[in-house]
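Colleague: sharing a model that was predicted from the sequence below.
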Amino acid sequence: MMPAWLLLAAAPFVGSFLGVLIRRIPAGRDWMAARSACDQCGHTLGPAELVPLASFAALRGRCRHCRAPIARFHPAIELAALAVAAWAILADGPAETLAGDCVLGWGLLALAWIDAETFLLPDILTLPLLLLGLFEAFAQAPDQLADRAAGALAGWFGLAALAALYRRLRGRDGIGGGDAKLLGVAGAWLGWLALPWVLLVAALLGLAWAGARTARGDRLDRTTALPFGPPLALAIWLLRLHGGLIGL
């Protein structure tokens with residue numbers, strides 16, 4: 001069982017790593033071995049320049065080598081990862097699931113961010129997150145393993161079948177394959193009974209997002225593509241932490 005303070009301390013470092021994944025995986029860049037460098041001048045960053053949040057503050061948001069502004073994305077993703085850990089702690093769920101809550105939240109954060117920017121939900125992130133949900137059940141709640149495995153299969157293949165039907169009827173894609181796998185993640189972490197609730201909450205969040213964009217002045221119509229990953233990820237996260245409010 002990992003202490004809450006340790007998860008909070010680790011969160012900005014996790015966020016820094018998530019930033020690497022978010023920027024490099026969609027671009028097909030090496031995210032395992034390549035050193036971090038300034039986006040402007042290519043200067044390789046040293047350890048003192050890689051301390052999450054603190055380095056950005058100490059450097060006043062500028063590269064030490066060329067003085068170019070450091071993208072605000074970096075502190076933003078580190079703060080977002082910290083917020084995920086704080087939210088999980090404040091949700092006051094079972095202490096033994098806290099680390100799992102954070103792992104799920106961090107994985108969903110990376111996937112939602114990537115999908116919002118690129119309309120991609122990379123298998124290299126989605127599938128390990130699905131397997132981790134099943135592993136959590138195996139390690140901590142073996143009686144839930146069958147339910148979660150059924151949820152993973154039902155979520156993935158159910159939404160994939162719906163996507164195929166939509167494509168056949170409308171002649172174009174309406175639901176991506178990554179969305180189906182992300183619903184499989186929902187089943188792996190929440191169980192199959194939660195899937196209708198996940199879809200309902202995600203649909204409502206998606207409508208709210210579209211409404212907010214319209215209110216901001218964006219012109220949307222029935223052909224406008226909107227990523228489903230962010231509302232789906234948030235729905236999974238909300239039901240993981242607060243599903244007890246509806247008996248899940």
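Modeller: Noted; the coordinates are in hand. Residues are numbered from 1 along each chain as shown.
Colleague: give me the domain ranges for this structure.
Modeller: 1-90, 96-248 (automatic domain parsing).
Colleague: so for the last one, mean pLDDT?
Modeller: Per-residue pLDDT values across domain 96-248 average out to 91.
Colleague: ok, the shortest one next?
Modeller: In this model, domain 1-90 has a mean pLDDT of 91.
Colleague: restrict stretch 145-156 to CA atoms and write it as CSV.
Modeller: Extracted in CSV, the C-alpha atoms of stretch 145-156 (Å, rounded to 0.1, in the frame of the first residue of the first chain):
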residue,chain,number,x,y,z
LEU,A,145,-11.7,-10.7,-12.1
ALA,A,146,-14.3,-12.5,-14.2
ASP,A,147,-16.6,-9.5,-14.0
ARG,A,148,-13.9,-7.2,-15.1
ALA,A,149,-12.6,-9.5,-17.9
ALA,A,150,-16.2,-9.7,-19.2
GLY,A,151,-16.4,-5.9,-19.0
ALA,A,152,-13.1,-5.5,-21.0
LEU,A,153,-14.4,-7.8,-23.7
ALA,A,154,-17.9,-6.3,-23.8
GLY,A,155,-16.6,-2.7,-23.8
TRP,A,156,-14.0,-3.3,-26.6
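Colleague: what's the spacing between it and its chain's center?
Modeller: Computed by C-alpha atoms, centre = their mean, to the nearest Å, the separation of stretch 145-156 from the middle of its chain amounts to 19 Å.
Colleague: same thing with stretch 55-75?
Modeller: Mean-position distance between stretch 55-75 and its chain equals 25 Å (C-alpha atoms, centre = their mean).
Colleague: what about it, start to end distance?
Modeller: 10 Å (C-alpha to C-alpha, to the nearest Å).
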